[in-house]
Structure formats: C-alpha cells, structure tokens
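# Sequence and predicted structure below; questions after.
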Amino acid sequence: MVTLKKLFAVTAIASALTFSVSAGAERLRLGHVTPPSHIWHQVAERFNDNLKEASGGKHSIMIFPLSKLGGDDQMIDLLQSGGMQLAVLTAGSLSNRAEDMNAWFLPYIFDDVTDAAEASKHPAAREMLDNLKQHKLVGLGYTFAGMRHVISSNPIASADDFKNKKIRSFPNKLFNDWWNNLGAAPTALAISDVSSALTTNLLDAVDVDLDIVVGLKMYQQAPYLTLTNHMAFPGVVVASEKWWSGLSGEDRELVLNAFKEAEEWGFRKQAEAEISNLALLEKEGVTINTFDEAQLQEAAAAVVESYTSASAGIDAFYQQQRQQ
C-alpha cells in the first residue's frame, strides 16, 4: 500500500529529476546506496566518463550516492515512472521482486570476487537481467562489492560465537535464514545507523563487505574482523524501461558499450580492492581472524538445499556455477 507520505516524497523527487536538456545534450541521473568511496560509485563514474567520451560530451551522468534519491525501493518507483534513468540496485532488494536474484547469496558457492564476476556471464545470470523487464526495468549488468565477512565488537573464534549475537544483516529472507541457522539474531538496520548501534551495544556484529567497512570506518567501533568469505554481494545496474524505450538503437548501443567497459573495469578493480582494503585494515590495527569455513558448512548446505529446491531459476544458476 502506497502511503501519502511516500507518494509525496516520490512526486517531489520526480519533479526535481526532469531531464536536463540543453542544445540536445542529455544529463542522466544515476542513484545508488553506497558511499562515494565504494566500488559501485567508482563504476558509475567510469560509466559516466565513457559515455561523455563516446558521445563527444553530448551525454553525461549525474551520480547520487548514499541514497540521495531514496533507497532501492524508492529508486525503483522513480525508474518505473521515468523520473530517473539509471541506478545501481542491490540484488538483495531486487530479490523481493525477482526471487531468482537470491541465487547470488547462496553461501560458499564462490571462492572470491573474481569467481563471482565470472558467474555474471552464466546464461542464468543474464536471464535474471532479462526478467527485470517484467518490472519495467532494463538490466544492463552487474557490479560487485567485496565478499561478505563479519566485523564485530568482540572476537569471534568459532561458529558457536555467533549464537545469540545481534548481527546487522541485509534485510532479505535468505540472509535471515543463514544467520538463524547459525543461532544468531539477524537485525535489519540502515547502514548509516550501524556505527552508532555498535557504539551503544545495540549490535554485536555486522555482516558486511570490506568496502563499506573502510568507507564508513566501522572498524573504529568494531575492531575485530572475521574473514568468513561467506557470500558475494552484487549490485545490478539497471535503466528505466520508460527512458530506454525512447532511445534510438544507436543511443542504446552507445550506453551499453559505455557501461560494458565500466563493468569489466569494475570487476578487476574490486579484485584489487579486496587486497588493498585488507592491508588498510591491518594498518589501522584491526584484529583479523581467519575463520575455519568448515564450521559453517552445515548451515550453508541447509540454505543451498532450501533455495535450490524451491526455485528452478536459482537451481539453474547454482548448477551452472558448480560446473565451472
């Protein structure tokens, strides 16, 4: 149900996002939820640079980080109405509308970010993008944050240490199932509120990628990092179908080519960032614990079985990944 408050907010933002056109030039709007230091923002900047160069300066992208155009759900509303043109949406939020996106969060099916990036080329991964047309979105491709780990206020030495811990987790059923299977208490909280919640002991730990840890300096409140490497976390780069359908074939190709180079660049950049982020955290004095993944395999297997047996699309992705 759409509340009046939400309707007014969407209308106000949409009114402010009318195309900015001067002498045939188009300035596009792209929103995302991460800080400017994050790889998703860097990929958006690369996308913009490529588009400006390819169009001779005719087209450019104005980037709005940190949910300045709203959270994922609000941005989806704007994309569907044509109030904005582009966004990087979390696969987790999209999974509430397109459940096959949950395949990306199956625990321990990827070794690292490079492995996950290669999986974006699977036929099932491309089909996920095609299926977004049902939601008036055009899936352009993917961009990956780092693998998921756990940062905490106190050391975590074994799987038993997760029991009864309040862990900030992405608000998604699969994430909740994963942490519930480990006896933890998954807690939904805006990422902007995490640092203060750690300080006041409202949270014990955070399920997070290293880009966010570094970008928001979470290690100042939670100085213990446990390298669980349990999941990937892709962003999905989408376009408004309403906007896209009005483009010429030539302009569509221009946009796609500009993004595809940025996509591949982002895959390489994030693989490098995994190393540099870890080095920075070590330099900042964070205590880093290498976790024995075998302790989590039973919980991982239960989640994989539950989701692959319930969805043909998720199972197809899983089987394609297993064959690599």
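Thanks, I have the structure now.

# Give me the below-cutoff pLDDT ranges for this protein.
1-24 (pLDDT under 70).

# What segments of it are strands?
Along the chain, the segments classed as strands by DSSP state E run 20-22, 25-31, 59-64, 86-90, 137-144, 148-152, 166-168, 185-187, 205-209, 224-227, 234-240, 287-290.

# For stretch 242-251, buried residues please.
Within stretch 242-251, the residues that qualify as buried by neighbour count (16 or more other C-beta atoms under 10 Å) are 242, 243, 244. (Each C-beta comes from the backbone N, C-alpha and C, glycine too.)

# okay if I get the strands of the chain as JSON lines plus mean neighbour count and distance to residue 111?
Formatted as JSON lines, those follow (neighbours: other C-beta atoms under 10 Å; distance: least, C-beta to C-beta, whole Å):
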{"stretch": "strand 20-22", "mean neighbour count": "9", "distance to residue 111": "44"}
{"stretch": "strand 25-31", "mean neighbour count": "20", "distance to residue 111": "30"}
{"stretch": "strand 59-64", "mean neighbour count": "19", "distance to residue 111": "31"}
{"stretch": "strand 86-90", "mean neighbour count": "26", "distance to residue 111": "22"}
{"stretch": "strand 137-144", "mean neighbour count": "25", "distance to residue 111": "13"}
{"stretch": "strand 148-152", "mean neighbour count": "23", "distance to residue 111": "13"}
{"stretch": "strand 166-168", "mean neighbour count": "22", "distance to residue 111": "23"}
{"stretch": "strand 185-187", "mean neighbour count": "19", "distance to residue 111": "25"}
{"stretch": "strand 205-209", "mean neighbour count": "25", "distance to residue 111": "16"}
{"stretch": "strand 224-227", "mean neighbour count": "20", "distance to residue 111": "13"}
{"stretch": "strand 234-240", "mean neighbour count": "26", "distance to residue 111": "15"}
{"stretch": "strand 287-290", "mean neighbour count": "13", "distance to residue 111": "15"}
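
# Reformat those strands into a markdown table and put distance to residue 100 next to each item.
Output for those, formatted as a markdown table (distance: least, C-beta to C-beta, whole Å):
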| stretch | distance to residue 100 |
| --- | --- |
| strand 20-22 | 35 |
| strand 25-31 | 23 |
| strand 59-64 | 28 |
| strand 86-90 | 15 |
| strand 137-144 | 12 |
| strand 148-152 | 19 |
| strand 166-168 | 25 |
| strand 185-187 | 22 |
| strand 205-209 | 22 |
| strand 224-227 | 28 |
| strand 234-240 | 12 |
| strand 287-290 | 33 |
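
# who wins for proximity to residue 251 among these?
For residue 251, the closest of the strands of the chain is strand 59-64, at 7.9 Å, according to C-beta to C-beta.

# Residues touching that closest one, excluding its own?
With contacts defined as C-beta atoms under 8 Å, 6 or more residues apart in numbering, strand 59-64 is touched by 20, 25-32, 41, 44-45, 47-48, 51-52, 86, 251, 254-255.

# in its sheet, what does it sit against?
Here strand 59-64 has these sheet partners by DSSP bridges: strand 25-31 (parallel).

# how near is residue 124 to residue 295?
Per C-beta to C-beta, to the nearest Å, residue 124 is found 29 Å from residue 295.

# cool, residue 89 as well?
Distance of residue 89 to residue 295, given as C-beta to C-beta: 33 Å.

# Please work out how many residues are found near residue 110.
Using other C-beta atoms under 10 Å, residue 110 is surrounded by 22 other residues.

# what does residue 81 give?
Neighbour count of residue 81, defined by other C-beta under 10 Å: 15.

# Surely it touches residue 242?
Yes: shown here, residue 81 and residue 242 form a contact pair, counting by C-beta atoms under 8 Å, at 7.1 Å.

# hang on, isn't residue 195 packed against residue 219?
No: using C-beta under 8 Å as the test, residue 195 is too far from residue 219 to be in contact (10.0 Å).

# follow-up on the earlier one: so of the buried residues of stretch 242-251, which ones are in helices?
When DSSP state H is applied, the buried residues of stretch 242-251 are split such that 242, 243, 244 fall in helices.
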